[in-house]
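Colleague: just coords:
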């Protein structure tokens, strides 16, 4: 049976890194729709289930990093992500960086977004063309893990910390 994201995060001992490369995800998400209507989004209220596992992992010493490659000017969805990053990702204990897509042209990147846990397991996130979730796939193949780990590190080195990135 394939491990779930929660299984992998709970078992992580050192690191969990995530690379996002799309300009839009699940535009049918009620939180995104509410945000577009101008409603205030309070991440701790909307996504309380994110804080506990991330906090528990951080308490074990797991470093959680998220890098986002984004086109500029950014899309409405990326603006939504940017607006909730402080209250969701950073508040939960993640470190988040942003890389404008024009600065990623010479990087070798996998075809899908992914998480890598402890440099041993990769979980790819699959999406439909319009950004809806289409499932996950995990692998502990050393070549796949190495590809994703090196891609993440290359993006991370170039990306700007959330506090320094100005969404345009």
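Modeller: Cool, the structure landed. None of the values given here were measured: they were computed from a predicted structure.

Colleague: residues in contact with stretch 145-156?
Modeller: Residues outside stretch 145-156 that contact it (C-beta atoms under 8 Å, 6 or more residues apart in numbering) are 17, 19, 65, 67, 69, 97, 99, 104, 107-110, 114, 116, 119-122, 139. Placement of C-beta: from N, CA and C, glycine included.

Colleague: now, of those, which are buried?
Modeller: The neighbour count (16 or more other C-beta atoms under 10 Å) marks 17, 19, 65, 67, 69, 97, 99, 104, 109-110, 114, 116, 120-122 as buried among these.

Colleague: restricted to strands, list these.
Modeller: 17, 19, 65, 67, 69, 97, 99, 114, 116, 121-122 (DSSP state E).

Colleague: what's the most distant pair in those?
Modeller: Distances among those were taken as C-beta to C-beta; the most separated pair is 99 and 121, at 23.7 Å.

Colleague: tell me where this structure has helices.
Modeller: With helices called from DSSP state H, the chain shows them at 5-11, 30-36, 43-46, 48-59, 76-85, 91-92, 142-158.

Colleague: and of those helices, who's closest to residue 24?
Modeller: Between these, helix 76-85 lies closest to residue 24; by C-beta to C-beta that is 3.9 Å.

Colleague: which residues touch the closest one?
Modeller: Residues outside helix 76-85 that contact it (C-beta under 8 Å, 6+ apart) are 23-25, 27, 31-32, 35-36, 41, 43, 68, 70-71, 74, 96, 98, 131, 162, 165, 167.

Colleague: now do the buried residues in that helix.
Modeller: 77-82, 84-85.

Colleague: about what we covered before: dump the ones in strands among the buried ones among the contacts of stretch 145-156 to a markdown table, plus distance to residue 148 and pLDDT.
Modeller: Putting those into a markdown table (distance: C-beta to C-beta, whole Å; pLDDT from 0 to 100) gives the following:
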| residue | distance to residue 148 | pLDDT |
| --- | --- | --- |
| 17 | 8 | 98 |
| 19 | 7 | 98 |
| 65 | 13 | 98 |
| 67 | 12 | 98 |
| 69 | 14 | 98 |
| 97 | 16 | 98 |
| 99 | 16 | 98 |
| 114 | 5 | 98 |
| 116 | 5 | 98 |
| 121 | 10 | 98 |
| 122 | 5 | 98 |
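
Colleague: nearest to residue 54 among the residues you listed?
Modeller: residue 65 (11.7 Å).
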